[in-house]
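Colleague: Quick one, fold the following:
(one chain, ligands or ions: 1)
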Amino acid sequence: MDLIEKINSRQANIGIIGLGYVGLPLCIAFGQTGFRVTGIDLHQEKVDILNKGYSYITDVKDEDIQFIVDNSHFKATTEFSSISFLDAICICVPTPLNKNLDPDLSAIEYVVGKLKKYLRPGTLVVLESTTYPGTTEERIEKALALTNLHAGIDYHLCYSPERVDPGNKKYTILNTPKVIGGVTNNCLELGETLYGTIVNQTFPVSTPKVAEVSKLLENTFRSINIAFINEMALMCDSLGVNIWEVIKAASTKPFGFMPFYPGPGIGGHCIPLDPMYLTWRAKEENFFSRFIELSQDINRNMPNYVVGKISELLNAQKKCINGGKILLLGMAYKPDVNDHRESPSLNVYALLKEKGAVITVNDPFCDHILDANDQQINIQSELNYEELCHYDLVVLLTAHSTYDFKRIAESGVPILDTRNAFNGLKTSHVTCIGDIIKETGPIMSETVLAGG
Ligand SMILES: NC(=O)c1ccc[n+]([C@@H]2O[C@H](COP(=O)([O-])OP(=O)(O)OC[C@H]3O[C@@H](n4cnc5c(N)ncnc54)[C@H](O)[C@@H]3O)[C@@H](O)[C@H]2O)c1
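Modeller: You can find the predicted model right below:
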């Protein structure tokens, strides 16, 4: 039976390497479709949790893991030797930046080392990790060719970027088109056949490199637009105009405008990192992207702007950051997930700590976070609404849906809202980023009042 038949009859053994935010939903998608899936990860602890039918990611439900485990459609392991039993392998390992902000492909290199050892003839290998253009060709195809494994002949190779958006209820793996580039036409056909079993639409492109750049374009587009709107927020701040009202008005245009929203900065494993992968590779060709550099600069500076706002708000109460009792709400980089990687909340926390603030941190989703010095941050998961009045300032950094914004506002505590989450609540104690702060007296936010 050839691989296409094996895939179509669900007899192909699928392997997912890297069982995180990307790999785990993929295991579920293939497992629920009827494939036997082997999940491979370095971490024994994660493997043990998953084999017991539990998830360690908020966005991935226990019952979904339980279902595929109970039906013998999923088994997790740390044994890379199981690669030799697989017909198709999706690589979903992390692609972070190193200390110099250069791409760190060590996880991909590690996996390639294991493929050299265990890959069996005819297997389909798909790289899903986000990476710089040319990785599939230069770091996988060429590396395996050194051990006489030739893509398109001895095995099949594709690149297909993952577009999963943790926490997104509307767009899932199923209804998000999957871009795929194969090293040969046959590789591409196999890739499309595989993903055609779990997505409504595949979108073939001519080469893996096109697929690699398409992913970086998507996330760089977001990063640049967020930077632009962040800069507009700073500009509106100095103009005395409410940025949120401006965005709302501009969004009524039915064509040619797409709203982006300001915030305390960007976070997660994608938006802050992916443009750096692109610009790093472009620099090798002596091409310097001013757009990317500028957007990184603006986005990375947003936590400083937030801390400046905090200082102004405390000053308006004749208080200061040093010794100021500040409650930070939300450490995750976006609402309703426990992912705090690159979260701007961490930068705000570090800057405030450096300045001597007495910080309390709340996040209902994140419980284990280390600060820049690898010290555990003490995080409360339950918000005590009765005690809010004891703080000098509450700073909303991530608008988790579990927060009762009305109750927080009713406490009367001064609030800095970096997400416009208190919009519509008529209170004089809420200042949104982009709002003017009165020099003296009670903190007023006329723009929020008017918008509410
Ligand atoms: N998180 C997202 O929303 C998202 C979306 C699209 C694309 N991506 C990309 O997908 C890739 C994976 O991201 P993620 O968010 O799933 O990361 P993650 O950190 O959540 O998961 C990665 C998993 O890989 C494991 N791992 C690390 N090194 C390994 C190795 N050498 N061999 C086997 N397992 C290893 C880790 O233990 C972890 O469980 C990255 O390239 C990322 O840029 C992420």
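Colleague: In contact with the residue nearest the centre of the chain, which residues?
Modeller: The geometric centre of the chain, computed from its C-alpha atoms, lies nearest to Gly268 (Cα atoms, centre = their mean), at 3.4 Å. Neighbour list for Gly268: 333-334, 339, 341-343 [criterion: Cβ atoms under 8 Å, 6 or more residues apart in numbering]. Where C-beta positions appear, they are placed from N, C-alpha and C, glycine not excepted.
Colleague: Next, format those residues as TSV and append neighbour count, secondary structure and distance to Lys248.
Modeller: As requested, the contacts of Gly268 are exported to TSV (neighbours: other Cβ atoms under 10 Å; DSSP: H, G, I helix; E, B strand; the rest coil; distance: Cβ to Cβ, whole Å):
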residue	neighbour count	secondary structure	distance to Lys248
Tyr333	28	coil	24
Lys334	22	coil	21
Asp339	22	coil	28
Arg341	16	coil	31
Glu342	19	coil	28
Ser343	27	coil	26
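Colleague: Need the residues that contact stretch 85-94.
Modeller: The contact list for stretch 85-94 (Cβ under 8 Å, 6+ apart) reads 3, 6-7, 12-20, 22-23, 26, 38, 83, 107-108, 110-111, 115, 120, 122-129, 160, 162, 190, 194, 269.
Colleague: End to end on it, go ahead and measure it.
Modeller: 24 Å (Cα to Cα, to the nearest Å).
Colleague: State the mean pLDDT of that stretch.
Modeller: The average pLDDT for stretch 85-94 rounds to 98.
Colleague: and the longest helix anywhere in the chain with the ligand, contact?
Modeller: Criterion DSSP state H: the longest helix present in the chain is helix 208-239. No - using Cβ under 6 Å from any ligand atom, helix 208-239 stays clear of the ligand, coming no nearer than 7.4 Å.
Colleague: for the record, mean pLDDT for that helix?
Modeller: Per-residue scores along helix 208-239 average to 97.
Colleague: can you pull the buried residues of it?
Modeller: Neighbour-count burial for helix 208-239 flags 208-209, 211-216, 218-220, 222-224, 226-234, 236-237 (criterion: 16 or more other Cβ atoms under 10 Å).
Colleague: So which elements touch that helix?
Modeller: Secondary-structure packing of helix 208-239 (3 or more Cβ pairs under 8 Å, 6 or more residues apart in numbering; DSSP states H and E): strand 156-159, strand 178-182, helix 243-250, helix 274-284, helix 290-316.
Colleague: Just want the residue of the stretch 251-400 of the chain that's nearest the ligand.
Modeller: Going by Cβ to the nearest ligand atom, the ligand is nearest to His269 of the stretch 251-400 of the chain, at 4.3 Å.
Colleague: Pop out the phi and psi values for that residue.
Modeller: Backbone torsions of His269, given as degrees, to the nearest 10, read phi -90, psi 0.
Colleague: Distance check, the residue lying closest to it once chain neighbours are set aside against Leu194.
Modeller: Nearest residue to His269 in three dimensions, chain neighbours excluded: Arg341, at 5.1 Å (Cβ to Cβ, 6 or more residues apart in numbering). Here Arg341 is placed at a distance of 28 Å from Leu194 (Cβ to Cβ, to the nearest Å).
Colleague: so who does Pro262 touch?
Modeller: 226, 229-230, 232-233, 243, 302, 418, 433-434.
Colleague: Tell me the secondary structure at it.
Modeller: At Pro262, secondary structure determined by DSSP: H, G, I helix; E, B strand; the rest coil is coil.
Colleague: Just the pLDDT at it, thanks.
Modeller: Looking at Pro262, its pLDDT reads 97.
Colleague: Contacts for stretch 361-374, please.
Modeller: Residues outside stretch 361-374 that contact it (Cβ under 8 Å, 6+ apart) are 58, 327-332, 336-338, 340, 346, 349-350, 353, 376-383, 398, 400, 402-403.
Colleague: okay, how far is it across it, tip to tip?
Modeller: Stretch 361-374 has an end-to-end distance of 16 Å (criterion: Cα to Cα).
Colleague: hang on, the earlier thing: right, and the residue of the stretch 251-400 of the chain closest to the ligand touches Glu342 too?
Modeller: Yes - look at His269 against Glu342 with Cβ atoms under 8 Å: they come within range, at 7.0 Å.
Colleague: how about the residues of the chain that lie near the ligand?
Modeller: 17-23, 40-43, 46, 92-95, 107, 110-111, 129-130, 162, 164, 166, 269-270.
Colleague: Which members of these are positioned in strands?
Modeller: Per DSSP state E, strands hold the following members of those: 17, 40.
Colleague: Counting neighbours, which of the residues of the chain next to the ligand end up buried?
Modeller: By neighbour count, with 16+ other Cβ under 10 Å, the residues of the chain next to the ligand hold 17-23, 40-41, 46, 92-95, 107, 111, 129-130, 162, 164, 166, 269-270 as buried.
Colleague: thinking again about what came up before, tell me which of the helices and strands packed on helix 208-239 sits most buried.
Modeller: strand 156-159 (a mean of 28; mean count of other Cβ atoms under 10 Å).
Colleague: what residues does it touch?
Modeller: With contacts defined as Cβ under 8 Å, 6+ apart, strand 156-159 is touched by 3, 122-127, 135-136, 140-141, 151, 180-184, 186-188, 190-191, 208-209, 211-212.
Colleague: Thank you, goodbye.
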